[in-house]
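Asks: Fold the following and give me the result.
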Amino acid sequence: MAIDYTFAPEIEAVRDRVREFVDTEIKPAEEDLRKDSTGDERADRRALIAMIAMLRGRAREAGLWLPHMPEEWGGMGLGPTAMAAVSAEAAKSSLGPFIMNCQAPDEGNQHTLLHWATDEQKEKYLRPLCEGTARSCFAMTEPEVAGSDPTLIQTRAVLDGDEWVINGHKWFISGARRASFAILIARTEDAPDIPQAANTAFLVDLPSEGWEIVRDVETMSGSHNHCEIRITDLRVPAGNILGGRGQGHLLGQARLGPARLAHCMRWIAQCETALDMMVERALSRYAHGSMLADKQGIQWLIADSTMELYQSKLMVLHAAYRIEQGLPFKTEVSMAKHFVANSLWRIVDRAVQVHGALGYSTDTPLAGMLQQARWSRFADGADEVHQWTIARNAIAAFQEDGTTRRATGDLPL
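Replies: Now for the predicted structure:
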């Protein structure tokens, strides 16, 4: 049988090492940070930065640095399926992926630079990202147009001699504050053969004159370095095009496909954490003559969450397998992204319900997890856009093959 749901021993060993590192190094350091908080925002931030620097050093020493990148770039050389195992362990701590230098948006930008940048661009931009001495951002989304349709981008780049002059407006640009550079998507073509060939990607050194961070957009869960950017007569050298002219949409989609799945891998960690907390609470809370775990209503919440987490893991593993094998993966990633995002919301919400008022308080991480979970249903493509993609692919498969089999994972059953 070719189907095997186990990882190779060396990958299991890596997963165990990540789990141990998160449990024995990262979580205790995070708890110490919370206990030692002074309430002084600047002082607490300095303490956070010092903790991150210390833990990143330990991650390097433990051989858990840059798991998704090739060894020649200082990474561990893990493929998508192995990364599913690693990310699902690392993300059981909010800082886990960052400590291991596999956090968004840098992870996606590292892959993008690896596959699209020139050798000179790699040395200037990719090398510092891999070494952990720089941060980056990906500037595509705009407030005036639908973020899920890059063909509508209004930010314009006009060639002026050996420089491009760029004007536009971006927002929800994650990681923009303290980023050393941006991958900026702007329209360069007025009448392309196809709408998807209108945009170009540019590498923008930061800070730069003409690049203004207007604000860190406040969300329902606070400020998280998702910035609004005003671009006014920003000048970028012609040599700073990433990929080819008119290939910005192609580059963006190539970046976002695996990046969506990477989000799902991290969300699985949150789902599992919430389910574990739900069961632990049900086993320890006594009410109305029995433990919560003995009550059918609570068992239904646990059962539904268990089934959804099981489905999420299978979908992520299969989509990762298709990416790793060079097979078409767009439909599978869309299905995984939609399903895991919605499962995350439901599972965390059920965990809050089982915890009652405690879950609604900030005494457990569940309230913050639920606030964060809400963005998952529109980040990297809204639910409805993914449903549209999935439906179109199912219809096309039936029209071409007389069956929807190819659109449902093309599995051997």
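
Asks: Put the alpha carbons of stretch 373-380 into CSV.
Replies: Output of stretch 373-380 as CSV, limited to C-alpha atoms (Å, rounded to 0.1, in the frame of the first residue of the first chain):
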residue,chain,number,x,y,z
ALA,A,373,-9.8,33.3,15.1
ARG,A,374,-12.3,35.6,13.5
TRP,A,375,-9.8,37.1,11.0
SER,A,376,-9.0,33.6,9.6
ARG,A,377,-12.2,33.5,7.6
PHE,A,378,-11.2,36.4,5.4
ALA,A,379,-7.4,36.6,5.6
ASP,A,380,-5.7,35.2,2.4
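
Asks: which outside residues touch that stretch?
Replies: By CB atoms under 8 Å, 6 or more residues apart in numbering, the list of residues contacting stretch 373-380 from outside reads 219-221, 256, 259-260, 263, 267, 270, 337, 340-342, 344-345, 348-349, 383. Where you see a C-beta, it was placed from the backbone N, CA and C, and this is true even at glycine.

Asks: if I pick the nearest residue to A394 once chain neighbours are set aside, what's in contact with it?
Replies: Among residues not flanking A394 along the chain, A407 sits closest, at 4.0 Å (CB to CB, 6 or more residues apart in numbering). Contacts for A407 (CB under 8 Å, 6+ apart) come out as T331, I390, N393, A394, A396, A397, F398.

Asks: A407 and E324, how far apart?
Replies: Remark: distance between A407 and E324 (CB to CB, to the nearest Å) = 20 Å.

Asks: Next: A104.
Replies: Noted for A104: a distance of 20 Å to E324, by CB to CB.

Asks: The two: which is more packed in?
Replies: A104 (18 against 14; other CB atoms under 10 Å).

Asks: And the contacts of stretch 373-380, which of them are buried?
Replies: Neighbour-count burial (16 or more other CB atoms under 10 Å) applied to those gives 256, 259-260, 263, 267, 270, 337, 340-342, 344-345, 348-349.

Asks: Identify the single longest helix in this structure, thanks.
Replies: In the chain, assigned by DSSP state H, the helix with the most residues is helix 248-284.

Asks: Give me the neighbour count for the closest residue in space to P80 that isn't next to it in sequence.
Replies: Nearest residue to P80, sequence neighbours excluded (CB to CB, 6+ apart): A320, at 3.8 Å. By the criterion of other CB under 10 Å, A320 has 27 neighbours.

Asks: Verify the contact between A320 and A85 for me.
Replies: No. With contact defined as CB atoms under 8 Å, A320 does not reach A85; the gap is 9.5 Å.

Asks: ok, now which ones touch the residue nearest to P80?
Replies: Contacts of A320 (CB under 8 Å, 6+ apart): G79, P80, T81, M83, A84, L261, M265.

Asks: I'd like the secondary structure assignment at L66, please.
Replies: Here L66 is recorded as coil under DSSP: H, G, I helix; E, B strand; the rest coil.

Asks: Distance check, it against R127.
Replies: According to CB to CB, L66 and R127 sit 12 Å apart.

Asks: what's the overlap in contacts for these two?
Replies: W73.

Asks: pLDDT value on A2, please?
Replies: pLDDT for A2: 66.

Asks: do Q270 as well
Replies: 96.

Asks: And it, how close does it get to G222?
Replies: Taking CB to CB, one finds Q270 at 17 Å from G222.

Asks: host element of V236?
Replies: strand 222-237 (DSSP states H and E).

Asks: Any idea how far the longest helix of the chain is from the middle of the chain?
Replies: 8 Å (CA atoms, centre = their mean, to the nearest Å).

Asks: buried residues in it?
Replies: Going by 16+ other CB under 10 Å, helix 248-284 has these buried residues: 248-252, 254-275, 277-279, 281-282.

Asks: Packing partners of that helix?
Replies: The contact analysis (3 or more CB pairs under 8 Å, 6 or more residues apart in numbering; DSSP states H and E) places helix 248-284 against helix 80-90, helix 106-116, strand 181-187, strand 199-205, strand 290-291, helix 296-324, helix 330-355, helix 366-374.

Asks: Downstream of the second one, the next helix or strand is which one?
Replies: The one in question is helix 106-116. Following helix 106-116 toward the C-terminus (DSSP H and E): helix 119-121.

Asks: Can you list the neighbours in contact with that following helix?
Replies: The set of residues external to helix 119-121 that reach it, using CB under 8 Å, 6+ apart, is L113, L203, N240, L242.

Asks: any low-confidence regions in the protein?
Replies: 1-2 (pLDDT under 70).

Asks: Can you give me the domain boundaries for it?
Replies: Taking automatic domain parsing as the criterion, the chain consists of the domains 9-117, 136-242, 250-408.

Asks: Give me the distance between the first one and the centre of its chain.
Replies: To tie it back to what came earlier, the one meant is domain 9-117. Distance, centroid of domain 9-117 to centroid of chain: 13 Å (CA atoms, centre = their mean).

Asks: Look at it and report the distance between its end residues.
Replies: Here the two ends of domain 9-117 are set 34 Å apart, with distance taken as CA to CA, to the nearest Å.

Asks: For the spatially most central residue of the chain, give its distance to F339.
Replies: Nearest to the mean C-alpha position of the chain, by CA atoms, centre = their mean, lies H263 at 3.5 Å. H263 sits 12 Å away from F339, going by CB to CB.

Asks: likewise V354?
Replies: Distance of V354 to F339, given as CB to CB: 22 Å.

Asks: out of these two, which sits in the busier spot?
Replies: Using other CB under 10 Å, the more surrounded residue of V354 and F339 is V354, with 24 against 18.

Asks: follow-up on the earlier one: of the contacts of A320, which is the most crowded?
Replies: Tallying neighbours with other CB under 10 Å puts M265 at the head of the contacts of A320, with 28 neighbours.

Asks: hmm, back to that, how about the domains of the chain in TSV, adding distance to I3?
Replies: Putting those into TSV (distance: least, CB to CB, whole Å) gives the following:
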stretch	distance to I3
domain 9-117	13
domain 136-242	34
domain 250-408	10
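
Asks: Isn't E332 up against R322?
Replies: Yes. Assessed by CB under 8 Å, E332 is found in contact with R322 at 5.6 Å.

Asks: Looking at these two, which is more packed in?
Replies: Higher neighbour count among E332 and R322: E332, with 26 against 21, using other CB under 10 Å.

Asks: Would you mind measuring from the more buried one to A254?
Replies: Per CB to CB, E332 is found 16 Å from A254.
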